[in-house]
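Q: Model the following, please.
(chains A, B and C)
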Amino acid sequence: MESRLDHEYSAEALSAAIEALLLVAVEPLGIEELSRLTEAPVRQCQAVLNDLCGEYQSPRRGISIVQVAGGYRFATKPEHFEVVGEYARETYDARLSPAALETLAIVAYQQPISRRRVSVIRGVNSDAVMRLLAVKGYIEPAGRGTNPGSAVLYRTTTIFLERLGLNSLGELPELGKYAPSLEIAEAFEAALRDESS
Amino acid sequence: MESRLDHEYSAEALSAAIEALLLVAVEPLGIEELSRLTEAPVRQCQAVLNDLCGEYQSPRRGISIVQVAGGYRFATKPEHFEVVGEYARETYDARLSPAALETLAIVAYQQPISRRRVSVIRGVNSDAVMRLLAVKGYIEPAGRGTNPGSAVLYRTTTIFLERLGLNSLGELPELGKYAPSLEIAEAFEAALRDESS
Amino acid sequence: MAYEVKLDVYEGPIGLLLSLIQAQSVDVYQISLTSLVGDFLSEIERRKQLDLEVATEFVLVAATLLEIKCRRLLPGDDLSDLDEETAFDDERDVLLARLLEAKTYRDISQVLSSLLTMGQRRLFRRVGLGPEVAHLMPDPLDRVSAEGLLAAYEALMARQSDSEMPATHVTPLPPMSLDQAREKISAHLGKVGVSTFDALVSDSSTRIEVVMQFLGILELYKLGEIEISQQAAFETITLQRLS
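A: Below you'll find the predicted structure:
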């Protein structure tokens, strides 16, 4: 295969090309994708990328390359949040109401899931909250269920993973650990059974 | 005025903060705006920025800071256009083409309109598509809404009209029966605004 | 289509119940069902006053709660029909399971919230392609006419009206609170002195109204304002005003 540069990449040229790709990417770029786009071997890409990440660690830099949602991405460093956050508030508003957070948690752990099913779990029509989450980019349609006439199913997005700083859904906190303890369950049950307890 | 860092910025910290701002800025940032956001004097900002631009000149870097009308922004260097173009084509063909048409249609028929509202109508986050359309020259900012803190509104450009062979917006095909849905979109947007506040 | 959505509405009946339980006491062992039922009903009442549509689900949960409460208020335990008991237990278990599920998601949403707060301190570049490479991007208006643009817009708008909330999903709450039920019973017995339960609820069209009035009777009985008599289970209930 012919290389785009018509010659073997030098480490420096490959590093620069990867840097350029990361600047224009709207989603995290995985190492395979970088390798395919640059037509350089995965191993070389990874080595170059590791060095590049290291360079941006320097305190002189206000930005860094972070690994998130299964790929690499340019991001501002947390210490500049005060300055950057003010500028970007309109574009990057991440605040969510408790209802939206609960809905997001349900989608995150039960995806792919229909709006209707979310409404059933929450016991209240959740269409508007689901729309808000889609507009904010946290969830997206993921096709339809397998039966004819099935509803649209939703899943979380890479933006969701980015905002939470997770590399994959597998890094979500384990649901089982947050199930109510036996004591709580018993107390709830008692509340629904015996007036005296 | 008190500095955000509770002390005078070191040149290094200011440089890092400016770098972070330039990374996330949607529009080029002017020197006055950088000074206001960082709360550092214009002169200091300019000096630091000149050094920063110089650093990115290095052939090791695949990106640079360019000065355009209105301010400074990050850009990819010309020698990487080919690899970046390949990414642009792939991303665009796979994901963005139908979305772009839909988005452009909304802007055309509902202008001036904010990015957020377009997302509300489409039901998915449309920021990336809006930016691509702006880069392509089909839409452009048309000032802000009348309320304080209003979002930037977008409209179609003359390039858009030329491309479609129209003399004016009045020549856009007339809307049929779906026009009343505007109210639905407005009701949703109102609901979402309540929700996120 | 005129409707109003308020922040409150986003909390479902199970979530509301959970909030009330957690607001009531830090010690979950001290939960009082009576005040739970009262709080739940007055919250539904408040939402109704805000002129909001209240989901059927709220009414169903209220009915289950009321049923649980009714059983406790009843002297003895004569309702020993096995099928009915089992059905009641199932209903209560479902409510319990949903409460525990809601608590799980509520707790974990706190974790997501703190991850989001931390994640927010680091902002990603979303600007995408710069103008310098605009010419490398395919043209979205390639092969697209003004009519094509209109078609895309109309298809989008049609899809949007399809995804409207179905009006059947929510129903208005029947217009009766516990207080109103008690007042109605007192007024009714004040007029006729003695009445059957069937006569009392003859003008009530919904299950929840009947349940409300049944609960009202039990409360008035506890307060010693009325006398209740019934020959056997499912026989006619006779109500008589005392004093």
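Q: Helix, strand, or coil at the nearest residue to residue A:60 once chain neighbours are set aside?
A: Once its chain neighbours are removed from consideration, residue A:60 has its nearest residue in residue B:12; the separation is 5.7 Å (CB to CB, 6 or more residues apart in numbering or on different chains). In this view, the C-beta of every residue, glycine as well, is placed from N, C-alpha and C. Secondary structure of residue B:12, reduced to three states by DSSP: H, G, I helix; E, B strand; the rest coil: helix.
Q: burial of residue B:12, as a residue count?
A: 14 (other CB atoms under 10 Å in any protein chain shown).
Q: try residue A:166
A: Count around residue A:166 with other CB under 10 Å applied: 20.
Q: Correct me if wrong: it contacts residue A:66.
A: No. Checked against CB atoms under 8 Å, the pair residue A:166 and residue A:66 is beyond contact range at 11.4 Å.
Q: Helix or strand, whichever it is, which one in chain C has the lowest mean pLDDT?
A: Using mean pLDDT, DSSP states H and E, the weakest-scoring helix or strand in chain C turns out to be helix C:56-73, at a mean of 72.
Q: Which elements pack onto that helix?
A: helix C:13-24, helix C:33-49, helix C:82-119, helix C:207-222 (3 or more CB pairs under 8 Å, 6 or more residues apart in numbering or on different chains; DSSP states H and E).
Q: of those, which approaches residue B:151 most closely?
A: Put simply, out of these the one that sits nearest residue B:151 is helix C:82-119, at 21.9 Å, with distance taken as CB to CB.
Q: Tell me if whichever helix or strand comes after the closest one is near chain B.
A: If you walk from helix C:82-119 toward the C-terminus, the next helix or strand you reach (DSSP states H and E) is helix C:146-162. Yes. Helix C:146-162 comes into contact with chain B when judged by CB under 8 Å from any CB of the partner chain, the residues involved being C:146-150, C:152-154, C:156-158, C:160-161.
Q: any bit of helix C:146-162 sitting next to chain A?
A: No. For helix C:146-162, no contact with chain A is found by CB under 8 Å from any CB; the gap never falls below 10.3 Å.
Q: Would you mark the buried spots in that helix?
A: Burial within helix C:146-162, assessed by neighbour count using 16 or more other CB atoms under 10 Å in any protein chain shown, is assigned to C:146, C:149, C:150, C:152, C:153, C:154, C:156, C:157, C:160.
Q: can you check stretch C:217-235 too?
A: Buried residues in stretch C:217-235, defined by neighbour count with 16+ other CB under 10 Å: C:217, C:218, C:219, C:220, C:221, C:225, C:226.
Q: residue nearest the centroid of chain A?
A: The central residue of chain A, meaning the one whose C-alpha is nearest the mean C-alpha position (CA atoms, centre = their mean), is residue A:161 at 1.3 Å.
Q: now the angle between helix C:13-24 and the least confident helix or strand of chain C, please.
A: Relative orientation of helix C:56-73 versus helix C:13-24 (axes from the mean of the first three to the mean of the last three CA atoms, to 10 degrees): 50 degrees.
Q: Can you point out the buried residues in helix C:56-73?
A: Neighbour-count burial for helix C:56-73 flags C:56-66, C:68-70 (criterion: 16+ other CB under 10 Å).
Q: Next: stretch A:98-113.
A: Residues of stretch A:98-113 classed as buried under the neighbour-count rule (16+ other CB under 10 Å) are A:98-110, A:112-113.
Q: Out of these, which are close to chain B?
A: Applying CB under 8 Å from any CB, the subset of these adjacent to chain B comprises A:99, A:100.
Q: tally of neighbours for residue A:22?
A: Neighbouring residues of residue A:22 were enumerated by other CB under 10 Å; the total is 22.
Q: ok, and what's touching stretch A:98-107?
A: Residues from elsewhere that reach stretch A:98-107, judged by CB atoms under 8 Å, 6 or more residues apart in numbering or on different chains: A:96, A:113, A:118, A:121-122, A:126, A:129-130, A:132-133, A:138-139, A:154-156, A:160, B:195-196, C:7, C:10-11, C:15, C:105-106, C:108-110, C:112-113.
Q: Kindly report the same for stretch A:66-73.
A: Contacts made with stretch A:66-73 from outside it, assessed by CB under 8 Å, 6+ apart, are listed as A:22, A:25, A:27-31, A:33-34, A:49, A:53, A:65, A:75, A:158, A:161-162, A:165-168, C:122, C:124-125.
Q: In strands, which of those residues appear?
A: A:65, A:75 (DSSP state E).
Q: Do a quick rundown of the strands in chain A.
A: Under DSSP E, chain A gives strands at A:63-68, A:71-76, A:113-114, A:139-144, A:152-156.
Q: Just tell me which of the ones you listed ends up closest to residue C:187.
A: Using CB to CB, the nearest of these to residue C:187 is strand A:113-114, at 47.3 Å.
Q: Give me the helices and strands touching that closest one, please.
A: Packing contacts for strand A:113-114, counted by 3+ CB pairs under 8 Å, 6+ apart, involve strand A:152-156.
Q: between the strand it packs on and strand A:139-144, how big is the angle?
A: Going by the same axes, to 10 degrees, strand A:152-156 makes 140 degrees with strand A:139-144.
Q: quick check, strand A:152-156 touching chain B?
A: No. Looking at strand A:152-156 against chain B by CB under 8 Å from any CB, there are no contacts, and the closest approach is 9.7 Å.
Q: still on that earlier bit, please tabulate the buried residues of stretch C:217-235 in JSON lines, including the columns pLDDT and distance to chain A.
A: Listed next are those as JSON lines, based on pLDDT from 0 to 100; distance: CB to the nearest CB, whole Å:
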{"residue": "C:217", "pLDDT": "83", "distance to chain A": "18"}
{"residue": "C:218", "pLDDT": "78", "distance to chain A": "13"}
{"residue": "C:219", "pLDDT": "77", "distance to chain A": "14"}
{"residue": "C:220", "pLDDT": "83", "distance to chain A": "19"}
{"residue": "C:221", "pLDDT": "81", "distance to chain A": "16"}
{"residue": "C:225", "pLDDT": "86", "distance to chain A": "21"}
{"residue": "C:226", "pLDDT": "88", "distance to chain A": "22"}
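Q: Understood, closing this out.
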